[in-house]
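Q: no sequence on this one, just coordinates:
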């Protein structure tokens, strides 16, 4: 199965998501979006395909969100997209695209919704939280 992750290697959620994709036996295309941001059309499509609004796809924590005044309710989607494309750190992460769908993998286990049931055993996040049991089944 093909998969693409818009990844930030400095983000624990992004690293956990990448590890879960690999645990399913998939080696995804990895796009470090801070160096290679998506095009406007790609970003708009990912947001829509994930069922999100532009405002839900913007990252606030650890970004210049407040400094840029992006919390102002009167800002349009186009203005928010402009800011995200100008400063990609504002794009929430990680977005994952597979033939089964598109997700903003926050929390990281949201990626399981768009991966095949081919997991190779147990999986725990970096912090030790168990996500999959020894048979590769999701722990709820």
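A: Sure thing, it's come through. These figures come from a predicted structure and were not determined experimentally. Numbering: from 1, shown residues only.
Q: Which residue ranges of the chain form helices?
A: In the chain, the segments counted as helices under DSSP state H are 12-23, 40-49, 77-86.
Q: Got the phi and psi for the residue minimising distance to the centre of the chain?
A: Compute the mean C-alpha point of the chain, and by C-alpha atoms, centre = their mean the closest residue is residue 94, 2.0 Å away. Dihedral pair for residue 94: phi -90, psi 140, per degrees, to the nearest 10.
Q: number of nearby residues for the nearest residue to it once chain neighbours are set aside?
A: Spatial nearest neighbour of residue 94, excluding adjacent residues (C-beta to C-beta, 6 or more residues apart in numbering): residue 14 at 4.2 Å. Using the backbone N, CA and C atoms, a C-beta is placed for each residue, glycine as well. By other C-beta atoms under 10 Å, the residues close to residue 14 number 24.
Q: looking at it, residue 14 is touching residue 95, isn't it?
A: No - taking contacts as C-beta atoms under 8 Å, residue 14 lies outside contact range of residue 95: 9.7 Å.
Q: intersection of neighbour lists for these two?
A: 5, 105 (C-beta atoms under 8 Å, 6 or more residues apart in numbering).
Q: any idea how far the residue of the chain most remote from its centre lies from residue 123?
A: Distance from the centre of the chain peaks at residue 74, with 26.1 Å (C-alpha atoms, centre = their mean). Note on residue 74: its distance to residue 123, by C-beta to C-beta, to the nearest Å, is 43 Å.
Q: Ok, residue 24 next?
A: Taking C-beta to C-beta, one finds residue 24 at 9 Å from residue 123.
Q: got it, and residue 14?
A: From residue 14 to residue 123 the distance is 15 Å (C-beta to C-beta).
Q: just residue 8 next, same as before
A: Going from residue 8 to residue 123 by C-beta to C-beta gives 20 Å.
Q: Could you do residue 131 as well?
A: For residue 131, the distance to residue 123 (C-beta to C-beta) stands at 5 Å.
Q: So between those two, which is more surrounded?
A: Neighbour tally, residue 131 and residue 123, criterion other C-beta under 10 Å: the higher count belongs to residue 123, 23 against 20.
Q: so how many other residues sit close to the nearest residue to that one once chain neighbours are set aside?
A: Of all residues not flanking residue 123 in the chain, residue 132 sits nearest, at 4.0 Å (C-beta to C-beta, 6+ apart). Residue 132 has 20 neighbouring residues, counting by other C-beta under 10 Å.
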